[in-house]
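Peer 1: Sharing a sequence plus its predicted fold:
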Amino acid sequence: MKSGSFVMAVFALFGTALGAWSEPEKISDEDGGILTIDNHGVCWCGTESAFYSNPGETTGWQFETEPPFWGYPCFDRGDTLWIVMHTGGSLIYSRYDGKGWSEIDTIPAFDDNKFPRVTADSANGIWVGWSFNWRMCAPIPAFNRYQDGVWDTAQMILDGVYSLWSLTTDALGHVWAGMNYASVTRNDSSGWNEAKKLDEDGVLNLAPDRFGGVWAIWSFWFSSAPDHDTALIKASYWDGETWSSPDTIGVTVESSYSGIWPFPAMIAVDTADNAWAVWRQTFGPGDSYGDIYYSVNAGPGWSEPAPVNEHPALDENPYIAADRKGRVWCMWVSDRGGEEAVWASYTWGAGVEEDVTPATHQPPILTVDRSVGREFTFFISSPVVSGKLEICDACGRLVKQLAVGNDQTVFWDGRDDAGKRLSPGVYFVRIADRRSSPTRILASPRSKIIMIR
């Protein structure tokens, strides 16, 4: 089977792709960019010479500020924008408070430090992680934390051969580090945990949801022919207890001699807690362009991979982020204008509804009182007439049905239809009309809950 046929055969295993992406818009005439979200839920794009934002009330991207250098960004809990980078083996940073940038300063680190990443914790502290070559050996991950105007002493994350690729903070305040060898670790009250290996190999990128869960995505490479290599795009989910078995989202094939390798796959979580993945997609040595592809997990399962936009140009280095207005943003570098530039497109997250006109039926709204616990209370607003509140496990299996009526409060004690208490983990709740065939979903999106011991 040819490489392209193999790819499409794998694609056929997935469901229908969701989302219609906007026409790509050029942000900057540069060859690199990165996305981040501020505390107001606005998407920002940082390029080599400027930061741009798209608040939604205006059309297109607007200029915000010129940074003192190109670096990896994040917003702290006080709305200050931080950027970090390495230069000559040292780590530097600067901060933007909305008026101007601070003086460039050095982060206490080790020798020969590279590829820093930054995240803000729930106590308004800033964590910077990076890789350093210890005694001229293989790279080792390290970190430092800024709190109350002072940097701590630099420390190793793990005493092992790993390269740090991503850093994020979950909804419970834990800081996570994604590394190579498809490995991940978390910092909690006891410090950094032992690394968890999710696959045989791969560079992990991470994204948290609203409930303490974390998504991981990576590319697993294997040789399929002497003249090209194939990568499986894989993802896994931490539900607060365990990591799920990896799902294969898609397949991309690259020429070993093209000099072009895909940027690591990226992932983000939208306002409805759907996970979105993007990567550079090619179909073999003859594909000299490549497109940016995406897939979405609206629970359970990933959609069929589909292009964000198809264009006969070299597209690479994608990033993805979700703002709080329900939009999912994809940014990448393309030479579609004859020279490399930063482009962006957006789609509305799965489950995000458009404004309802008075003549349109308003579907019921499902609200969860508390999303984490052993027992749960749900509120159903607007008429349902006759329906069922369905609770499914993370694999989509129906475990409990509760009758619902008009404007009703429903209590669930965490037991299945047989009266057995269910195991800790992630569950999904939705309202459905079981009289219809097939089942008609009455409320969207579904709500995610986490059951604990």
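Peer 2: Structure received. Numbers count the residues shown, from 1 in each chain.
Peer 1: check which helix or strand covers the closest residue to Gly202 other than its chain neighbours.
Peer 2: Once flanking residues are discounted, Gly202 sits nearest to Trp218: 3.2 Å by CB to CB, 6 or more residues apart in numbering. Bear in mind the C-beta positions are built from the backbone N, C-alpha and C, glycine included. For Trp218, the enclosing helix or strand under DSSP states H and E is strand 214-225.
Peer 1: Check which helices and strands the following helix or strand past that strand is in contact with.
Peer 2: Reading on from strand 214-225 to the C-terminus, the next helix or strand found by DSSP H and E is strand 228-238. Contacts defined by 3 or more CB pairs under 8 Å, 6 or more residues apart in numbering; DSSP states H and E place strand 228-238 against helix 3-11, strand 214-225, strand 247-255, strand 275-281.
Peer 1: Report the inter-axis angle for the third one versus strand 275-281.
Peer 2: When you say that, I think you mean strand 247-255. 20 degrees (axes from the mean of the first three to the mean of the last three CA atoms, to 10 degrees).
Peer 1: Give the rounded mean pLDDT of strand 247-255.
Peer 2: Averaging pLDDT along strand 247-255 yields 81.
Peer 1: got it, and the last one?
Peer 2: Regarding strand 275-281, the rounded mean pLDDT is 93.
Peer 1: Repeat that for the second one.
Peer 2: This predicted structure assigns strand 214-225 an average pLDDT of 79.
Peer 1: follow-up on the earlier one: which residues does the residue nearest to Gly202 contact?
Peer 2: By CB atoms under 8 Å, 6 or more residues apart in numbering, the residues touching Trp218 are Ala182, Leu198, Asp199, Gly202, Val203, Leu204, Asn205, Ile233, Lys234, Ala235, Pro264, Ala265.
Peer 1: and which of these is nearest to Thr119?
Peer 2: Asn205 (12.6 Å; CB to CB).
Peer 1: and the closest one, how many neighbours does it have?
Peer 2: 25 (other CB atoms under 10 Å).
Peer 1: Verify the stated contact: it with Gly178.
Peer 2: Yes. Between Asn205 and Gly178 there is a contact under CB atoms under 8 Å: 5.7 Å.
Peer 1: Need the overlap of contacts for the two.
Peer 2: Common neighbours of Asn205 and Gly178 (CB under 8 Å, 6+ apart) are Trp165, Ser166, Ala216.
Peer 1: who wins for neighbours among the residues you listed?
Peer 2: Result: Ala216 is most packed of the shared contacts of Asn205 and Gly178 (other CB under 10 Å), 28 neighbours.
Peer 1: if I look at it, how far off is Pro246?
Peer 2: 9 Å (CB to CB, to the nearest Å).
Peer 1: who's in contact with Tyr289?
Peer 2: Here Tyr289 is in contact with Thr282, His311, Pro312, Ala313, Leu314, Asp315 (CB under 8 Å, 6+ apart).
Peer 1: Where does the closest residue to Thr409 other than its chain neighbours sit: helix, strand or coil?
Peer 2: Residue nearest to Thr409 in three dimensions, not counting chain neighbours: Phe379, with 5.6 Å by CB to CB, 6+ apart. Following DSSP: H, G, I helix; E, B strand; the rest coil, Phe379 is assigned to strand.
Peer 1: Ranking helices and strands of the protein by mean pLDDT, which lands last?
Peer 2: Every helix and strand in the chain was compared by mean pLDDT, DSSP states H and E; the lowest is helix 3-11, with a mean of 37.
Peer 1: Which of the contacts of Trp218 fall in strands?
Peer 2: Asn205, Ile233, Lys234, Ala235 (DSSP state E).
Peer 1: In the stretch 251-400 of the chain, where is pLDDT below threshold?
Peer 2: 254-263, 285-286, 350-365, 369, 371, 381-387 (pLDDT under 70).
Peer 1: the helices in it, which residues?
Peer 2: In order along the chain, the stretch 251-400 of the chain carries no helices (DSSP state H, counting those that start in this stretch).
Peer 1: Report the contact partners of Ile140.
Peer 2: Ser131, Phe132, Asn133, Trp134, Met156, Leu158, Asp159, Gly160, Val161, Tyr162.
Peer 1: Next one: it from Gly160, what distance?
Peer 2: From Ile140 to Gly160 the distance is 7 Å (CB to CB).
Peer 1: From Ala272, how far off is Val296?
Peer 2: Val296 sits 10 Å away from Ala272, going by CB to CB.
Peer 1: Same drill for these two, tell me which one is more crowded.
Peer 2: Neighbours were tallied for Val296 and for Ala272 using other CB under 10 Å; the higher tally belongs to Val296 (26 against 21).
Peer 1: For the residue nearest to Tyr181 when sequence neighbours are not counted, give me its contacts.
Peer 2: Counting by CB to CB, 6+ apart, Asp201 is the residue found nearest to Tyr181 once chain neighbours are left out, at 5.9 Å. Neighbouring residues of Asp201 by CB under 8 Å, 6+ apart: Asn180, Tyr181, Ala182, Phe220, Trp221.
Peer 1: Just put those residues in TSV and tack on neighbour count and distance to Ala403.
Peer 2: TSV is the format used below for the contacts of Asp201 (neighbours: other CB atoms under 10 Å; distance: CB to CB, whole Å):
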residue	neighbour count	distance to Ala403
Asn180	19	50
Tyr181	19	49
Ala182	23	44
Phe220	18	45
Trp221	18	51
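Peer 1: Check which residues of stretch 273-287 are buried.
Peer 2: 273-285, 287 (16 or more other CB atoms under 10 Å).
Peer 1: CSV please, covering those and showing distance to Ser303.
Peer 2: Shown next, in CSV, are the buried residues of stretch 273-287 (distance: CB to CB, whole Å):
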residue, distance to Ser303
Asp273, 15
Asn274, 10
Ala275, 11
Trp276, 10
Ala277, 10
Val278, 13
Trp279, 14
Arg280, 18
Gln281, 14
Thr282, 20
Phe283, 19
Gly284, 23
Pro285, 27
Asp287, 22
